[in-house]
Structures are given as structure tokens and as C-alpha cells.
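Enquirer: what's the 3D shape of this:
(one chain, ligands or ions: 2)
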Amino acid sequence: MAILGELVRRGVRDVVLCPGSRSQALALAAAAFEQAGLIRLRVRIDERVAGFLALGLAVETRTPVLVITTSGTAVANLHPAVLEAHHSGVPLILFTADRPLELRGIGSNQTSEQVGIFGPAVTWVRDVEAPSHTGFDPDYPGQVAHEAYSAAAGHSSTPGPVQLNLAFREPLSGPVGRLPHLDEHQWPEPTLRRGLEVEHAPNTVVVAGHGAGPQAEALARSIGVPLIAEVSSGSRFGPNLVGSYRDLLSDPEFGGRVERAIVFGHPTLSREVPALLERDGVTVRVIRAPGAEPYNPGRRASSVHDFASHDGGPDDSLGARRWLGTWVQAGRERLLADVPQSEPVPAEERAGDFAREQLAAFREPITRRLLVETVWRLTWPHDRLVLGASRLIRVADAVVQGKKIAVHANRGLAGIDGTISTGLGIALASQDPGLDPGGASGGTLGVTRVLLGDLAVLHDAGGLLFGLGEARPRIQVVVGNDGGGTIFDGLEVAATAPRDALDRVLYTPQSVDLRALAAAYGWEYRTATTRGELDVALAASDSPTLVEVPLVR
Ligand SMILES: Cc1ncc(C[n+]2csc(CCOP(=O)(O)OP(=O)(O)O)c2C)c(N)n1
Ligand SMILES: [Mg+2]
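Expert: Ligands and ions are numbered 1, 2, ... in the order given. Okay, the predicted model is just below:
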């Protein structure tokens, strides 16, 4: 009770819990906190799902989220989400229940080495012995919870996951005590951060990778330089944004002339960005995003900072204006030139009227490009878009225009795991009316769309399961179903390897009935094969919906 109370006092509002005997005291305490309206509790059976759900909640709320599990393999199931959180700087607090010291190392049931299990992926670990009658300091639980919170929130380094391994001795729980008194505390400010004062310099570009946030766009505009922004950077908008950036970066007239790059976040979606940053003659300044390692390809960054600022306006010399103008103009032209011409309309339809043309457009088959452009077009600032680590995020990165919307992707390690769970966490947190009386503290009216491939869906099928009686957010899981992992068709080896071997071990064909899968978990199901059907399928619904879009391999 004291440990949970301290976390709530510090600002933790979201708790994800998985059932287990060793953790029963924590679970029952969490239930009491939920009953009192102090936390939002989500209960999941699968700890891997719970970890990613917590990750999504923390991404959206930017506040540490608590995960409670029992001992043994339960703890190990948190590892994928812990790694992603570590690499993308997302604050998680893990309470892992354990046996007391005297029962460890002697083959006790469900007992393993839990301290250190996450290795360097957690920045802070404590092993808290079970309370005993002798020598128990009543202030200790609160103190250790306070430390856990500060470490997760990144008060002295970067935010990320932390682990509190809590030993419990029989009896594993008793009657739940009274809720602790939750007075307000003042906490110290985060540590000083190191900034970069940006001066004008010729042939500069700003690069925004995942997690850059809007400051990359703001800096590019304030110094007046081209902005290269990945689709989940949080900076893909504004007048300085460059379309078709991969194309331009490999063009000697554009990428070849860059002399300075100011990099925000964690670029992962192209080969051209790291190639640029590793090239001789390019000065690289890195503004680190939350996460374990600053992005530094070729270790060529001349400096690493926490933020960047610029005094004064954009460089208005003729050279600088021309530099910016040609990038933006060329990017726009190349993006439009890439738009595929629609299918030739048969002569008898061409002779027809406007209504027939409309009908032909309505019946247009769905390509990957049409799918990502449609989802992008339908997403508004009150919505959330989550992109899985499938082919579709790369298509989106290549084709969508600038728009100020909230886009998330697990790019810390770019796993295809946990995508649905992460999306559900984001949906729940973004739509939650809040714990305040009247529930007026937040909560958008929007919908969360998770756009991903079929293998990514199957990897996290268990994420479709809700705790009974829990809130179900407005969420659409939009699956581009090409029957396996077609991202691998783009590998160089695909040109030479035997097709059946490639299929067997990389493409990994599947023919799961997604309609039945949706039904099994109580999700609504829709499917779309034409442009018209897609618009209908993506219309908002109040129930969680799985939208299947068959795609040609
Ligand atoms: C946890 C995890 N395992 C394996 C991979 C390697 N991987 C990357 S993409 C991919 C296949 C994705 O298939 P799908 O989701 O259907 O998307 P598609 O490429 O077909 O669009 C795999 C297995 C990964 N990124 N993460
Ligand atoms: Mg696929």
C-alpha cells in the first residue's frame, strides 16, 4: 500500500496488472486504489501484452506507467516492451513479485534470477526483501518508490524502464489496509540540460527521425532550412518540409551538396539518412531524443545536445533562400510525379458521364499507397495513428504529405511485436476522460488507427483481449493483408534465392481467418477491396474494429 501510494502521490495514474499468486498483495492493493478512483487499472493475462499496453499508455501520457507481475516467466514476458521502452525513452515502472532470499537458489517453484534479468535495459533496479518483524523501516517503501519514479521519469538521466523486484513471504497477503494519505509534495526539477545555439551556416538541413517532436520543425523554420522528417517524427509538417526526401538525398545536386545536418530523434526508415551523416564534409550535430543511445551513425557527430535554439530569424541571404526553395520545390515535384496514374478507363466508360468516372474511382483496387494515403487523409489532430514495423510504414514515409497529426511507431527496436497492445494503450490514454470528478481533465473524441501488416497482427493477436468490464476505446486495427511478410521481397537476396525457400523461411505464408479472429475476441470486423469500400470501412465506430484490406503480394 505504501509503495503504491507513493507512486500515486508522484503522479502515476495508469497501472497494468497480470494475475499471479506471489503478487496478490500488490494486485489487491491496486484494486483498492482503482475502487477509490485514484488509478486507472487494466488487467491483462499475457505479460508481453501488458508490457506493450503500458508502453502505449506511457507514450501518450508521458508519465511513468506501473506494471505489476508475478514471478518466473511472467517477468521475462515483459522483456520485449522493456527493450523498446529503453531504446525509445519511455518511462515504465515494473513491480515484479519474487520469493524471499531464503527460497531463492534452491529449486523453489516459479523462482528464477529476476534481478538483472533485463540487463542494461533498465537504468535502475532494486531488490526489496520481504518485510520481517525485525528491523523493517516503515519509511523504506515510500523512499524506494520515490527513487523508482524519479529514475523512470528521467530526472537524472533519460526516461526509461526501471524494475522494483519485491519479495513476499507467506502469508502472501492479508486484509487490505487503509489507503495512505496522499498529500501533495514538491519535487526537484530535472537536471540541467545542454543546449545547442544554432548559427546560420550554408547548405544546412534539419533531419527529424522518430521521436524528434515538433522542435525539429520549429528549428528548421526559424533558421530557414529544408526539413527532412520521417513519418513518425512528430515534425512532418510545415512550409520547410521536403517531400520524396530519399530521392533528393541520393541526388548529388541536393544531398550531395549538404554541408551541415542537425539531427533530431532516431531516424530508422531510410539508408540515405545514415549515408548522408557518415559522408566526409558533413558536420553533424545531434539533438538527442529520449532513449538509451543518441543517434550517431559512423560516430561522426561533432556534438550531442538535449535541445537546440536559434536567436533571430531565418537566413534571408539569396543563397539560403534559394537552397530552401529548390529543396521544397523539387520534393513537391517528385512526390507528385510519383503518383501512379489511375488505371486507364475503358472506352465505353470514358464516353460516359461524370458519374461513371466517379464509379470507376470508387471501384479502384487498393494499393499500399492508396491505403496509407487514405488512412493519412482520414486522420485528424484529435486522432492517433500507430504504424507497425511492416512495409506500410515505409510506404507512408515515402508518400504522405505534411500534416500536423499524432503518429506513433515503436521504432526503438522496430519490432513487429506488441503493435496492437501499444495502439490500445495509446487509444485508452488519449480517450480517457480522466480521474477527476466529472472526468473533464482530458480525453479526445478521436479514434486511434493502428496500421500494420498481417504478420504483425498475428504476432500480437493476444493483444485483442480486453479485461472483462473494462473500457473499450475507439480503435481500428487496419491490416494490410498480403498473406505473409512481403517486406522481405525487397531484400537483395530475394532476386537470387530459390523462391520456395524464401517463402518458407522469410515470407512465411499464413492464411488465418481474420474475420473469425476478430469474432473470437469480440471485435467488429470489416473488409475493403476497393477505394469506396475503404472509405466506408474506415468510418468511425464506437466499438473496437478490425479492418482487413487484402493486398497483392
Ligand atoms: C519481434 C520481431 N520479429 C521479427 C522481426 C523481423 N520482421 C520485420 S518485418 C517482418 C514481417 C512483417 O510482415 P507483415 O507484418 O505482414 O508486413 P509486410 O511486410 O507484409 O507488409 C518481420 C518478421 C521484427 N521486426 N520483430
Ligand atoms: Mg504482410
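
Enquirer: which residues sit against stretch 117-131?
Expert: For stretch 117-131, contacts defined as C-beta atoms under 8 Å, 6 or more residues apart in numbering pick out 75-76, 78-79, 82-83, 85-86, 94, 98, 100-101, 115-116, 140-141, 144, 147-148, 151-152, 157-158, 160-169, 292. (Each C-beta comes from the backbone N, C-alpha and C, glycine too.)

Enquirer: List the buried residues of it.
Expert: 117-118, 121-125, 127-131 (16 or more other C-beta atoms under 10 Å).

Enquirer: quick revisit: filter the contacts of stretch 117-131 down to the buried ones.
Expert: Of the contacts of stretch 117-131, these count as buried by 16+ other C-beta under 10 Å: 75-76, 78-79, 82-83, 85-86, 94, 98, 141, 144, 147-148, 151-152, 158, 160-168, 292.

Enquirer: How about the residue in the stretch 151-300 of the chain positioned nearest to ligand 2: what's its closest non-neighbour residue?
Expert: Residue nearest to ligand 2 within the stretch 151-300 of the chain (C-beta to the ion): residue 269, separated by 17.4 Å. Take residue 269 and drop its neighbours on the chain: the residue closest to it by C-beta to C-beta, 6 or more residues apart in numbering is residue 397, 4.6 Å away.

Enquirer: Next, count neighbours for that neighbour.
Expert: Neighbour count of residue 397, defined by other C-beta atoms under 10 Å: 22.

Enquirer: ok, now residue 233?
Expert: Around residue 233 there are 30 residues (other C-beta under 10 Å).

Enquirer: Return the backbone torsion pair for the residue nearest to it when sequence neighbours are not counted.
Expert: Among residues not flanking residue 233 along the chain, residue 208 sits closest, at 3.8 Å (C-beta to C-beta, 6+ apart). Per-residue torsions, residue 208: phi -120, psi 110 (degrees, to the nearest 10).

Enquirer: Now do the same contact list for residue 208.
Expert: 216-217, 227-230, 233-236, 264-265, 267.

Enquirer: mind checking how far it is from residue 91?
Expert: 22 Å (C-beta to C-beta, to the nearest Å).

Enquirer: now residue 426
Expert: Where residue 91 is concerned, residue 426 sits at a distance of 15 Å (C-beta to C-beta).

Enquirer: so where does the nearest residue to residue 400 once chain neighbours are set aside fall, helix or strand?
Expert: Nearest residue to residue 400, sequence neighbours excluded (C-beta to C-beta, 6+ apart): residue 376, at 4.5 Å. Following DSSP states H and E, one finds residue 376 within helix 368-378.

Enquirer: Then residue 552?
Expert: Assigned by DSSP H and E, residue 552 falls outside every helix and strand.

Enquirer: Please enumerate the strands of the stretch 451-553 of the chain.
Expert: Per DSSP state E, counting those that start in this stretch, the stretch 451-553 of the chain carries strands over the ranges 475-481, 524-527, 545-550.

Enquirer: got TSV for those, with mean neighbour count and mean pLDDT too?
Expert: Formatted as TSV, the strands of the stretch 451-553 of the chain follow (neighbours: other C-beta atoms under 10 Å; pLDDT from 0 to 100):
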stretch	mean neighbour count	mean pLDDT
strand 475-481	26	98
strand 524-527	16	98
strand 545-550	23	98
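
Enquirer: Am I right that residue 92 is in contact with residue 164?
Expert: No - in this structure residue 92 lies outside contact range of residue 164 using C-beta atoms under 8 Å: 11.2 Å.

Enquirer: ok, now how distant is the residue nearest to residue 269 from residue 98?
Expert: In terms of C-beta to C-beta, residue 397 sits 43 Å off from residue 98.

Enquirer: what's the answer for residue 172, then?
Expert: Residue 172 is 12 Å from residue 98, by C-beta to C-beta.

Enquirer: Spit out the residues that contact those two alike.
Expert: residue 22.

Enquirer: remind me which residues of this structure are low pLDDT?
Expert: Residue ranges of the chain with pLDDT under 70: 132-136, 174-193, 339-351, 436-444.

Enquirer: So for residue 27, what's the nearest residue that isn't a sequence neighbour?
Expert: residue 17 (5.6 Å).

Enquirer: which residues does that neighbour contact?
Expert: 23, 26-27, 30, 41-44, 50, 67-69.

Enquirer: Just those residues: which are in helices?
Expert: Applying DSSP state H to those, the entries found in helices are 26-27, 30, 50.
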